[in-house]
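> everything below, folded, please.
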Amino acid sequence: MADLRELVEKLKSNNPKQRRKACADIAKLKNPEAIPVLVRVYQTDPDEKVRQAAGKALETFRAMQPRERGGTSPLLRTLMLGLGGLLVLLVIGNIALSLIGDGGDDGGDERRDPGTLADRDTLLTSYTENIENMETSAAAIVEELSKVPQPDQSPDCSRSIDRPSAFDLTPIEAFTYPDLLAAFGPETVYRTNIDTLNTAYDDFRSDCRNMGVVEVIEITDRLTAVRDAVPGLLDTVNQLRFNPAPTRDPALFGQPTETPIPVPTATTVPTQVPGIDYATHVDEMLAIIDRQTPGLNTVEGRWLEVQEGTQPASCRVPEVSEDEDYELPEGQEGDVNIDASVVLISDALAILRENYSVFANQCPAANLAPFVDEALVDLADARAKLEEATLRLNAAAGRAAPEPEATPEGEATPES
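Purely as a prediction, here's the structure:
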């Protein structure tokens, strides 16, 4: 039989039958290093039968773990003693870190004992609370930022706002729950949004009293993206509650090898939903975004002129027809990024229609000033939705999103 590395390569095949057979062969090896590999296939493979094969293989490892232990074998005692020594070292290291300290920050970063091995439900509850705190903190910062353009209001720069830090698994938890590590470990959507929130928090705290409208818009965009990611992260937590992946009991399986088997990434395991016309949907929705972005830039530039006390030279606005709204044909729903992009684009277009209508109606009478602050915030919201849709569409198509071209502050792009 092929070794584990060879079977992992077969999981990259475009043939679902070969991927199913690879899952079955991996289960026969009974090598615990295969668990994270099977977890990724179970979570991401587009073929239902392949996912079922991965789930069945994972159940093989679950069956290896006794519910009750009787006598302890010499090998198991050796593993447990080794684990105990590791725990002692980790605890000592944690004490040293606590003595050194770094002063903490708003919201605090409660250090967990590296030797902790919490049960699965407790960890998932902690992630749920952490993600909900991300939404609360982002909303609080946005609320204060919205006061910057208001002549009769000012942001509460000393407002107590929690600063959620990433909830990290301890080394033993990361080993024991490989699916949780895959979902919330380094370089995941969860960690990316935590980092984005913390950067926005730092910018708010450092420049709160001297913040301009352009900076407010930029920070608000980032926080909007974080808030938009929260429902998906909570869905991930709920899905993990029913994941068939077994735990890897450190006392039974020992510790990871120095050269672990590589886990297939999102680019090596197909993730698209069968039957969906990705090429058409992605191209048509990206075309809508390309058509609407120049007009958004133009109108935003004119609102910025109003904010500076200048009447725009032109009161013309782009047209956003109802035909621009994208609708998926029957039977084409089911991809989370495609479905979300349809909603994001529809919401953005609705904002643009309302914004452009206000501008067109109030501009001839030179009565734009009372509406300028809210209009700029709305346009920032629309831009954030279009940018997120672009990221999601490129992710659905399996390619990186292009770098956005910078537009000089206040500069209007040519009208479409």
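> starting at the chain centroid, how far to the helix or strand containing residue 344?
Assigned by DSSP states H and E, residue 344 falls within helix 336-362. In terms of C-alpha atoms, centre = their mean, to the nearest Å, the centre of helix 336-362 is found 23 Å from the chain centre.
> in that helix, which residues are buried?
Buried residues in helix 336-362, defined by neighbour count with 16 or more other C-beta atoms under 10 Å: 337-342, 344-346, 348-349, 351-353, 355-356, 358-359, 362. For every residue, glycine as well, the C-beta is placed using N, CA and C.
> that one: what's the following helix or strand?
Criterion used, DSSP H and E; the element after helix 336-362 is helix 372-396.
> mind checking how far that next one is from the chain centre?
16 Å.
> show me what that helix is packed up against.
Where contact means 3 or more C-beta pairs under 8 Å, 6 or more residues apart in numbering; DSSP states H and E, helix 372-396 is packed against helix 213-240, helix 278-307, helix 336-362.
> quick one: mean pLDDT for the longest one?
Okay, so that is helix 278-307. Averaging pLDDT along helix 278-307 gives 91.
> low-confidence stretches in the stretch 51-200 of the chain?
For the stretch 51-200 of the chain, the stretches with pLDDT under 70 are 61-116.
> all helices for the stretch 51-200 of the chain, in order.
74-100, 120-145, 171-176, 178-184, 189-207 (DSSP state H, counting those that start in this stretch).
> can you point out the buried residues in stretch 122-138?
Using 16+ other C-beta under 10 Å as the test for burial, stretch 122-138 gives 123-124, 127-128, 130-131, 133-135, 137-138.
> neighbouring contacts of that stretch?
107, 118, 161-164, 166-167, 169, 173, 177, 180, 184, 190, 193-194, 197, 200-201, 223, 226-227, 230, 233-234, 237, 240-241 (C-beta atoms under 8 Å, 6 or more residues apart in numbering).
> contacts for stretch 351-363 next, please.
With C-beta under 8 Å, 6+ apart, stretch 351-363 has contacts from 292, 295-296, 299, 302-303, 312, 315-318, 320, 368, 371, 375, 378-379, 381-382, 385.
> nearest to residue 54 among the buried residues of stretch 122-138?
residue 124 (20.6 Å; C-beta to C-beta).
> next one: that closest one from residue 131, what distance?
Note on residue 124: its distance to residue 131, by C-beta to C-beta, to the nearest Å, is 11 Å.
> circling back to that earlier point, the helix holding residue 344 vs helix 372-396, what angle?
Put simply, helix 336-362 runs at 160 degrees to helix 372-396, going by axes from the mean of the first three to the mean of the last three C-alpha atoms, to 10 degrees.
> tell me who's in contact with the closest residue to residue 155 other than its chain neighbours.
Excluding the flanking residues, the one nearest residue 155 by C-beta to C-beta, 6 or more residues apart in numbering is residue 144, at 4.0 Å. For residue 144, the contact set (C-beta under 8 Å, 6+ apart) comprises 155-157, 159, 204, 208.
> wait, residue 204 sits on residue 219?
Yes - the criterion here is C-beta atoms under 8 Å, and residue 204 meets it with residue 219 at 6.5 Å.
> what's the overlap in contacts for the two?
Shared contacts of residue 204 and residue 219, counting by C-beta under 8 Å, 6+ apart, come down to 141, 145.
> mind listing what's buried along stretch 374-389?
Counting neighbours by 16+ other C-beta under 10 Å, stretch 374-389 gives 375-389 as buried.
> nearest to residue 331 among those residues?
Using C-beta to C-beta, these come closest to residue 331 at residue 389, 21.5 Å.
> would you agree that closest one is in contact with residue 344?
Yes - assessed by C-beta under 8 Å, residue 389 is found in contact with residue 344 at 4.2 Å.
> what is the rounded mean pLDDT of the helix or strand where residue 39 lies?
In this structure, residue 39 is located in helix 35-44 according to DSSP H and E. Averaged across helix 35-44, pLDDT comes to 77.
> just the angle for that helix relative to helix 213-240, thanks.
110 degrees.
> what helices and strands are in contact with helix 35-44?
Against helix 35-44 (3+ C-beta pairs under 8 Å, 6+ apart) you get helix 16-29, helix 48-63, helix 178-184.
> highest mean neighbour count out of those helices?
Of all those, helix 178-184 has the most neighbours on average by mean count of other C-beta atoms under 10 Å, namely a mean of 22.
> neighbouring contacts of that helix?
With C-beta under 8 Å, 6+ apart as the criterion, helix 178-184 contacts 35-36, 39-40, 43, 120, 123-124, 127, 166-167, 169, 173-174, 188, 190-191, 236, 240, 243, 245, 248, 263.
> only the buried subset of the residues you listed, as a PyMOL command please.
Buried subset of the contacts of helix 178-184, written as a PyMOL selection, criterion 16+ other C-beta under 10 Å:
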select buried, resi 35+36+39+40+43+120+123+124+127+166+167+169+173+174+188+190+236+240+243+245+248+263
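> run a quick neighbour tally on the residue lying closest to residue 212 once chain neighbours are set aside.
With sequence-adjacent residues excluded and distances taken as C-beta to C-beta, 6+ apart, residue 212 is closest to residue 148, at 7.9 Å. By other C-beta atoms under 10 Å, 22 other residues sit near residue 148.
> with the one 3 residues further on instead?
The burial count assigned to residue 151 is 6, neighbours taken as other C-beta under 10 Å.
> any idea of the pLDDT on residue 358?
So, for residue 358, pLDDT stands at 94.
> just residue 354 next, same as before
93.
> same thing with residue 249?
In this model, residue 249 is scored at 49, pLDDT.
> the closest residue to residue 24 other than its chain neighbours: what's it in contact with?
Excluding the flanking residues, the one nearest residue 24 by C-beta to C-beta, 6+ apart is residue 53, at 6.1 Å. Shown in contact with residue 53 (C-beta under 8 Å, 6+ apart): 19-20, 23-24.
> can you tell me how far residue 53 is from residue 23?
Residue 53 is 4 Å from residue 23, by C-beta to C-beta.
> and if you look at residue 167?
31 Å.
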